[in-house]
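**Student:** Sharing a sequence plus its predicted fold:
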Protein chains: 2
Amino acid sequence: DNPPCETLLRKYPNRIFKETIIFLQPIIGYGVARVLDSSHQNFTKGDLIWGLINWEEYSLIKDTSSLVKIQHTNVPLSYYTGILGMPGMTAYVGFYEICSPKKGDTVFVSAASGAVGQLVGQFAKLFGCYVVGSAGSKEKVDLLKNKFGFDEAFNYKEEQDLNVALKRYFPNGIDIYFENVGGKMLEEVLRNMRPHGRIAVCGMISQYNLDQSEGTRNLFLLVARSIRMEGFLVFHHYHKYPKFLEMVLPLIHEGKIAYVEDTVEGLENAPAALIGLYKGTNVGKQVVTIAHE
Amino acid sequence: DNPPCETLLRKYPNRIFKETIIFLQPIIGYGVARVLDSSHQNFTKGDLIWGLINWEEYSLIKDTSSLVKIQHTNVPLSYYTGILGMPGMTAYVGFYEICSPKKGDTVFVSAASGAVGQLVGQFAKLFGCYVVGSAGSKEKVDLLKNKFGFDEAFNYKEEQDLNVALKRYFPNGIDIYFENVGGKMLEEVLRNMRPHGRIAVCGMISQYNLDQSEGTRNLFLLVARSIRMEGFLVFHHYHKYPKFLEMVLPLIHEGKIAYVEDTVEGLENAPAALIGLYKGTNVGKQVVTIAHE
Ligand SMILES: NC(=O)c1ccc[n+]([C@@H]2O[C@H](COP(=O)([O-])OP(=O)(O)OC[C@H]3O[C@@H](n4cnc5c(N)ncnc54)[C@H](OP(=O)(O)O)[C@@H]3O)[C@@H](O)[C@H]2O)c1
Ligand SMILES: NC(=O)c1ccc[n+]([C@@H]2O[C@H](COP(=O)([O-])OP(=O)(O)OC[C@H]3O[C@@H](n4cnc5c(N)ncnc54)[C@H](OP(=O)(O)O)[C@@H]3O)[C@@H](O)[C@H]2O)c1
């Protein structure tokens, strides 16, 4: 008997968690944990780790391949679920490697206040780009402009015509699109891309819970404007993690980068928090605290 | 009064040639011509050139930026509209630079018997790839297998389900897709791409005469399989032409590469030939002979 999981299954019958939920296994997600006991040479009792762990209070982890030992503890531990963990690496790899940025490039980020987006925007600003983000509420738009230093931001839910909105902020077009949402937004972004533009395809959250994905028009513009559109998975880039930490830890300590989390307490609130991601109720990286230090 | 142009305009009211036709200007296309007189230092009377010229018997060419002087005449001159001209360069740049081929890669080419496709397939075979092409008639499929040396070929018009057809020839998936057609084919190819696959977007001929382009589903697979999809325009790569000739001329002379043209005689037959491209009536590169040497 697993009521939270049943809720998920009912709401998202076709999607990601189906198999997990049907077999009544714990859901797997990125988290931070303390090692209570270990027979693995890399981990000893008392170590802190981040990586793929179960949604449960105590776990027996057999597959340690995703686990990373936490070495720097003078930051909030929750950061290892975000800026110092998988989403941080995603922003880093996606922006620096897939977007091939140049100083002065115009950059658009969708789902810009999310775990990944807020970092992409800040990396792009530090790099010397003009950066605009879209998000789903006034509160998030304020955050983008006032906390994360985006040049401009808009609430995509309040725009009648995304093409018009994009033209307002990019009168000369977009060099780099960091794609988190897919669907209609991608279609309109394509119309506003500049020649030799790059689209880093990180995610398409608007498509995850559809029975069949929507079609995207305007793809011929990839030819007409020599655009590169490239998907990537952060898992293939984990060997760059030490280099990433070397760059990002000083930025955090010097206050040159901000990071916003949205924390709920207790495992029993995790399913609602997960569903909230698809509604945009989270403001910043969604974190669920299961136990305090 | 310009009846062929009116036919084009009636059939393709929204498309490429509209402006040209409305103003009753000659249509512009790639061709081979002999210089009758010239005040430009690079060209002298008697020279042969290829490049953008008008659909007419005698032309005054003011913009010479696309013109290339023909140096090698021990090949059919018509080759400079195809294998030794713009389509040849397109296949060369598209395959070697955009597809990032590796020996042993599985390669799929659509519109494979066309001016560009037949060369892409042969370049890929010479490179050591497994190559499959699609085309719109039995005659073309035979050509692909027996003349151009494709490993396999199929008639896409006779397949109930393109996904099934692609799985038949690519049980382990596609590493490289050379995209000439767009639409439904792209959607189904995406489902059959392998991780780290590359899609060189050369053209989308199935979309050119639609009022609104079709939507393409399955783009999330770009993320899930780390696929790069990249458009290109051959014009940006013309500086590589001498290097290309150095490679391709010996292949022609040694009979290591075949090239099929479909020739009609007379300017009056050019409009029908152009329309034929969108119906697939051409077998190989469509050439219109306006004057013989
Ligand atoms: N490629 C990889 O390796 C990799 C790794 C990590 C994450 N990702 C992907 O990256 C993207 C961002 O992840 P994240 O962790 O930053 O996201 P997140 O913090 O979980 O934020 C999700 C946000 O997406 C927005 N959203 C939800 N449904 C939407 C819709 N239908 N249309 C537009 N926006 C919608 C909501 O904000 P609004 O209020 O703004 O709508 C929501 O707050 C996701 O697509 C995720 O799958 C990819
Ligand atoms: N990016 C660049 O710089 C560049 C340069 C040159 C050409 N191109 C593009 O490259 C592509 C190939 O050019 P090409 O000169 O090789 O072509 P082509 O020789 O002109 O051949 C056109 C062929 O396309 C096929 N076709 C027509 N309508 C179709 C449809 N609705 N669905 C599927 N196939 C269709 C037909 O063959 P079937 O019988 O097989 O259907 C037709 O014979 C075109 O899309 C062109 O626009 C791009």
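**Tutor:** That came through, no problem. Ligands and ions are numbered 1, 2, ... in the order given.
**Student:** how many neighbours does A:V107 have?
**Tutor:** Using other CB atoms under 10 Å in any protein chain shown, A:V107 has 27 neighbouring residues. Just so you know, the C-beta spots here come from the backbone N, C-alpha and C atoms, and that holds for glycine as well.
**Student:** can stretch A:84-97 be found next to chain B?
**Tutor:** No. Using CB under 8 Å from any CB of the partner chain, stretch A:84-97 stays clear of chain B, coming no nearer than 10.4 Å.
**Student:** Average pLDDT for that stretch, rounded please.
**Tutor:** Averaged over stretch A:84-97, pLDDT sits at 98.
**Student:** And stretch A:136-144, by the same measure?
**Tutor:** Stretch A:136-144 comes out at a mean pLDDT of 98.
**Student:** and it, how far from the chain's centre?
**Tutor:** Taking CA atoms, centre = their mean, to the nearest Å, the mean C-alpha location of stretch A:136-144 is offset from the chain mean by 16 Å.
**Student:** Next: stretch A:32-43.
**Tutor:** With CA atoms, centre = their mean, you get 27 Å for stretch A:32-43.
**Student:** So for that stretch, what gets flagged as buried?
**Tutor:** Buried residues in stretch A:32-43, counting neighbours by 16 or more other CB atoms under 10 Å in any protein chain shown, are found at A:32-33, A:35, A:43.
**Student:** I'd like to know which of these are part of strands.
**Tutor:** A:32-33 (DSSP state E).
**Student:** for the buried residues of stretch A:32-43, which one is nearest ligand 2?
**Tutor:** Nearest to ligand 2 among the buried residues of stretch A:32-43: A:V32, at 48.5 Å, using CB to the nearest ligand atom.
**Student:** For stretch A:40-54, which outside residues touch it?
**Tutor:** Here stretch A:40-54 makes contact (CB atoms under 8 Å, 6 or more residues apart in numbering or on different chains) with A:26-38, A:59, A:61, A:63-64, A:66-70, A:73, A:77, A:80-81, A:84-85.
**Student:** which residues sit in contact with the residue in the stretch 1-150 of chain A that chain B sits nearest to?
**Tutor:** Closest contact between the stretch 1-150 of chain A and chain B, by CB to the nearest CB, is at A:I98 (9.1 Å). Taking CB under 8 Å, 6+ apart as the criterion, A:I98 is in contact with A:198, A:200, A:230, A:232.
**Student:** Report the entries of those residues that also contact chain B.
**Tutor:** Checking the contacts of A:I98 against chain B (CB under 8 Å from any CB), the matches are A:230, A:232.
**Student:** Out of the contacts of A:I98, which comes closest to B:I176?
**Tutor:** Closest to B:I176 out of the contacts of A:I98 is A:E230 (14.6 Å), distances taken as CB to CB.
**Student:** helix or strand right after the one helix or strand that closest one maps to?
**Tutor:** Assessed by DSSP states H and E, A:E230 sits inside strand A:228-231. Scanning forward in sequence from strand A:228-231 by DSSP H and E, the next helix or strand is helix A:241-253.
**Student:** Which elements pack onto that next one?
**Tutor:** If you count contacts as 3 or more CB pairs under 8 Å, 6 or more residues apart in numbering or on different chains; DSSP states H and E, helix A:241-253 packs onto helix A:86-92.
**Student:** For chain A, give me the ranges with low pLDDT.
**Tutor:** A:1-24 (pLDDT under 70).
**Student:** what are the ranges of the helices in it?
**Tutor:** With helices called from DSSP state H, chain A shows them at A:3-11, A:18-22, A:86-92, A:117-127, A:138-146, A:162-169, A:184-191, A:221-224, A:241-253, A:270-279.
**Student:** Need the nearest residue in space to A:I53, chain neighbours excluded.
**Tutor:** Once flanking residues are discounted, A:I53 sits nearest to A:G31: 4.4 Å by CB to CB, 6 or more residues apart in numbering or on different chains.
**Student:** Wait, that neighbour touches A:L77, no?
**Tutor:** No. The criterion here is CB atoms under 8 Å, and A:G31 misses it with A:L77 at 10.2 Å.
**Student:** Those two - which one has more neighbours?
**Tutor:** Legend: neighbour count by other CB under 10 Å for A:G31 and A:L77, higher for A:G31 (21 against 17).
**Student:** that older thread, quick one: strands adjacent to the strand holding A:E230?
**Tutor:** strand A:193-201 (parallel), strand B:228-231 (antiparallel) (DSSP bridges).
**Student:** tell me the angle the first one makes with helix A:162-169.
**Tutor:** Using axes from the mean of the first three to the mean of the last three CA atoms, to 10 degrees, the inter-axis angle of strand A:193-201 relative to helix A:162-169 is 110 degrees.
**Student:** Please see if strand A:193-201 touches ligand 2.
**Tutor:** No. Under the criterion of CB under 6 Å from any ligand atom, strand A:193-201 makes no contact with ligand 2; the nearest approach is 12.9 Å.
**Student:** how big is the angle separating that strand from helix A:184-191?
**Tutor:** Using the same axes, to 10 degrees: strand A:193-201 against helix A:184-191 is 140 degrees.
**Student:** Please list the residues outside strand A:193-201 that contact it.
**Tutor:** Here strand A:193-201 has contacts from A:94-95, A:98-100, A:106, A:172-179, A:186, A:189, A:221, A:225-232, B:219, B:222-223, using CB under 8 Å, 6+ apart.
**Student:** near ligand 1, which of these show up?
**Tutor:** Checking the contacts of strand A:193-201 against ligand 1 by CB under 6 Å from any ligand atom, the ones in range are A:232, B:223.
**Student:** Which positions within stretch A:213-227 qualify as buried?
**Tutor:** Under the neighbour-count criterion of 16+ other CB under 10 Å, stretch A:213-227 has A:213-223, A:225-227 buried.
**Student:** what's around the residue of the stretch 51-200 of chain A at minimum distance from ligand 2, how many residues?
**Tutor:** Closest approach between the stretch 51-200 of chain A and ligand 2, counting by CB to the nearest ligand atom: A:P195, at 12.9 Å. If you count neighbours by other CB under 10 Å, A:P195 ends up with 13.
**Student:** pretty sure A:H237 contacts A:G94?
**Tutor:** No. Here A:H237 lies out of contact with A:G94, judged by CB under 8 Å, at a distance of 9.3 Å.
**Student:** So if I had to pick from the two, which one is more boxed in?
**Tutor:** Taking neighbours as other CB under 10 Å, A:H237 and A:G94 compare with A:G94 leading, 27 against 17.
**Student:** Contacts only, for the more buried one.
**Tutor:** By CB under 8 Å, 6+ apart, A:G94 lies in contact with A:116, A:120, A:178, A:200, A:202, A:232, A:234.
**Student:** B:W55: which of these is nearest?
**Tutor:** A:A200 (42.4 Å).
**Student:** With adjacent residues omitted, what lies nearest to the closest one?
**Tutor:** A:I98 (3.9 Å).
**Student:** again with A:V75
**Tutor:** Nearest non-adjacent residue to A:V75, counting by CB to CB, 6+ apart: A:I252, 6.1 Å away.
**Student:** Count the residues that sit near the one you found.
**Tutor:** Neighbours of A:I252 under the rule other CB under 10 Å: 19.
**Student:** next one: the one 3 residues further on
**Tutor:** Residue crowding around A:G255 was assessed by other CB under 10 Å; the count is 7.
**Student:** do the same with the one 5 residues further on
**Tutor:** Other residues near A:V260 come to 18 when the count uses other CB under 10 Å.
**Student:** correct me, but it touches A:N282?
**Tutor:** No. Counting by CB under 8 Å, A:V260 sits too far from A:N282 to count as a contact (9.9 Å).
**Student:** re earlier: among the contacts of A:G94, which one has the most neighbours?
**Tutor:** Counting by other CB under 10 Å, top hit in the contacts of A:G94: A:V120 with 31 neighbours.
**Student:** State the distance from that residue to A:G182.
**Tutor:** Distance, A:V120 to A:G182, using CB to CB, to the nearest Å: 16 Å.
**Student:** which residue sits closest to A:E293, ignoring its sequence neighbours?
**Tutor:** Closest residue to A:E293 apart from its sequence neighbours, by CB to CB, 6+ apart: A:L77 at 6.8 Å.
**Student:** wait, doesn't A:E152 sit right on A:A135?
**Tutor:** No. Between A:E152 and A:A135 there is no contact under CB under 8 Å: 11.8 Å.
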